[in-house]
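Undergrad: only geometry, no sequence info:
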Ligand SMILES: Nc1ncnc2c1ncn2[C@@H]1O[C@H](COP(=O)(O)OP(=O)(O)O)[C@@H](O)[C@H]1O
Ligand SMILES: [Mg+2]
């Protein structure tokens, strides 16, 4: 079942120098419970696209539908995680998460919001840092707070724009596995399955995850949408056939992984001559 559908999207930026077409005639679908990664070189329009999906920007042409209904603005069905933490510096980790909860769960009391925030900070391993301010946390920890906030909002759709792009390599792999584990184990929202009981695919959150890291895309995604540059278009859609739950250490040693990775690298470097 389609969760997100984008049809013939065109986005232009206008400034003193004229009109710049950032996205042109771009169409794709994301199924309910699917994890889609969007990869493309810097400047190809990934953030612009995610802004449209989040309803932060309206397209110049084309349309966005969610659950078959045309959408033109933000909504309680979507939450976003950005590369640069986007936390309020004057609020503690817990209050940042509680603030996000308040945007979508209007009927909860302050006490309920705070206790819910604590549950989700716990899930991302920050049980002992709830009362710290963003300035007192490392980059990786701040991004955990942003993930906790998005998950605590329990929206059906998660939109993530290079969420680990500013995190060092080691913490990046830890955060990838954390997010993957929560999403695959269906702890990404209110339903929590007992250990060993897997969720059905359609019960999972629908995720659109922007990255320029091929390994990250393969590890996480069911499908990779590769964009081309100037103006941004869909270049290829590649299904990632690996079973879930995925284990990075085992997966990267398989010949199938290497083959897919090489195919993706060839597409990128040969077809665009670009670096990613
Ligand atoms: N507010 C803006 N005004 C003018 N041009 C913009 C604006 N935002 C983005 N662009 C341009 O649109 C293109 C796509 O940008 P962006 O969506 O941020 O790409 P990506 O996230 O893939 O790096 C880039 O060439 C960028 O310079
Ligand atoms: Mg971007």
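TA: In hand now; what should we look at? Model, not experiment: these values are computed from the prediction. Ligands and ions are numbered 1, 2, ... in the order given.
Undergrad: okay, CA-based contacts and neighbour counts for the rest of this
TA: Will do.
Undergrad: how far does stretch 56-70 stretch from start to finish?
TA: 15 Å (C-alpha to C-alpha, to the nearest Å).
Undergrad: and that stretch, how far out from the chain's middle?
TA: From the chain centre to the centre of stretch 56-70 is a distance of 18 Å (C-alpha atoms, centre = their mean, to the nearest Å).
Undergrad: whether that stretch contacts ligand 1 - can you check?
TA: No: contact between stretch 56-70 and ligand 1 is absent, the nearest approach being 10.3 Å (criterion: C-alpha under 6 Å from any ligand atom).
Undergrad: what's the longest helix seen in the chain packed up against?
TA: Longest helix in the chain by number of residues (criterion: DSSP state H): helix 255-272. Contacts defined by 3 or more C-alpha pairs under 8 Å, 6 or more residues apart in numbering; DSSP states H and E place helix 255-272 against helix 214-220.
Undergrad: tell me the predicted confidence for the residue lying closest to residue 34 once chain neighbours are set aside.
TA: Residue nearest to residue 34 in three dimensions, not counting chain neighbours: residue 206, with 5.1 Å by C-alpha to C-alpha, 6 or more residues apart in numbering. What the model reports as pLDDT for residue 206 is 96.
Undergrad: my read: residue 206 touches residue 158, true?
TA: Yes: at 6.3 Å, residue 206 and residue 158 qualify as touching, with contact defined as C-alpha atoms under 8 Å.
Undergrad: if we can go back for a sec, and the residue nearest to residue 34, what does it touch?
TA: With contact set as C-alpha atoms under 8 Å, 6 or more residues apart in numbering, residue 206 has these partners: 3, 30-35, 156-158.
Undergrad: beta partners of it?
TA: Following DSSP bridges, residue 206 is listed with bridge partners residue 157.
Undergrad: show me where the stretch 1-150 of the chain has helices.
TA: With helices called from DSSP state H, counting those that start in this stretch, the stretch 1-150 of the chain shows them at 46-53, 93-104, 110-123, 139-152.
Undergrad: between the ones you listed, which gets nearest to ligand 1?
TA: helix 46-53 (3.6 Å; C-alpha to the nearest ligand atom).
Undergrad: ok, residues contacting the closest one?
TA: For helix 46-53, contacts defined as C-alpha under 8 Å, 6+ apart pick out 11, 22-23, 38-40, 57-59, 64, 159-161, 210.
Undergrad: buried sites along it?
TA: Buried residues in helix 46-53, counted by 16 or more other C-alpha atoms under 10 Å: 46-53.
Undergrad: what's the helix or strand for the residue most central in space within the chain?
TA: Centroid check for the chain by C-alpha atoms, centre = their mean gives residue 160 as the closest residue, at 2.4 Å. Using DSSP states H and E, residue 160 sits within strand 157-161.
Undergrad: can you list the helices and strands that that strand packs against?
TA: So strand 157-161, by 3+ C-alpha pairs under 8 Å, 6+ apart, packs with helix 46-53, strand 78-81, strand 206-211.
Undergrad: contacts for it, please.
TA: Strand 157-161 has contacts (C-alpha under 8 Å, 6+ apart) with 46-47, 50, 53-54, 77-83, 150, 205-211.
Undergrad: can you narrow these to ones near ligand 1?
TA: 46-47.
Undergrad: filter the contacts of strand 157-161 down to the buried ones.
TA: Taking 16+ other C-alpha under 10 Å as the criterion, what is buried in the contacts of strand 157-161 is 46-47, 50, 53-54, 78-83, 150, 205-211.
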